[in-house]
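Participant: A predicted structure for the sequence below; I have some questions about it.
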Amino acid sequence: MSLNNIQLPAATVAALYKNSLVELKTVPVSEMKTVTSSINILGKNAKGVVIIVSNAGTAYLPDDELNFLLGILNACRLNMDDVGIFNLQKNEGADYKTISSALHAEKIFLFGAGAEDIKLPLSFPPYQIQQYNNQVYLTAPALRALQNDKAEKTKLWNCLRQIFAV
């Protein structure tokens, strides 16, 4: 029998290490708090691009606005896997901190909503690219207002080209 193969009974091992360096406190399962995200988004948000809209009548966007948004995303070389569409009307009480942490947002676009709607501690005009908290923010009119206004679409496109370098 070698010293490398000695097997001690469990009671002996416990007695030898009763004052261990690391004390493991276990919490019963019933006392553990489960954290569930109350954030509902459309898309997989793989690239941390969050699109915030404010539509009371639909879960996210009406079909025509969603198709318009998909065209914008395609021009920016993005798709629904890359972004998360977040409806303020369906996620009441959500603020920029909740959105940022839950969705790991790097770029946040507000269509038809302002910085005050997500309790952002600063305000800025539409189409001004704003850096805050290591994130990029951009506000613009609602998608339904942009659809038929060429001048507004041009302003939005110029901002998106800067942000995504397209």
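Facilitator: Arrived safely.

Participant: going forward, measure contacts and count neighbours with C-alpha atoms only.
Facilitator: Fine.

Participant: pLDDT averaged over the longest helix seen in the chain - what is it?
Facilitator: Criterion DSSP state H: the longest helix present in the chain is helix 150-164. The average pLDDT for helix 150-164 rounds to 97.

Participant: quick one: contacts for Ala140?
Facilitator: Phe109, Leu110, Phe111, Gly112, Ala113, Pro126, Tyr127, Leu156 (Cα atoms under 8 Å, 6 or more residues apart in numbering).

Participant: Just give me the neighbour total for the last one.
Facilitator: This means Leu156. 20 (other Cα atoms under 10 Å).

Participant: just for this structure, where's the confidence low?
Facilitator: Applying pLDDT under 70 to the chain flags the ranges 1-2, 13, 17-38.

Participant: Quick one: residues in contact with the longest helix of the chain.
Facilitator: So helix 150-164 is contacted by Cys76, Tyr127, Gln128, Ile129, Ala140, Leu146, Gln147, Val166 (Cα under 8 Å, 6+ apart).

Participant: host element of the third one?
Facilitator: Pointing back at Gln128 there. When elements are assigned from DSSP states H and E, Gln128 belongs to no helix and no strand.

Participant: Report the spatially closest residue to it, excluding sequence-adjacent ones.
Facilitator: Computed as Cα to Cα, 6 or more residues apart in numbering, the closest residue to Gln128 that is not its neighbour in sequence is Leu138, at 6.2 Å.

Participant: Quick check: bridge partners of the one you found?
Facilitator: Judged by DSSP bridges, the bridge partners of Leu138 are Phe109.
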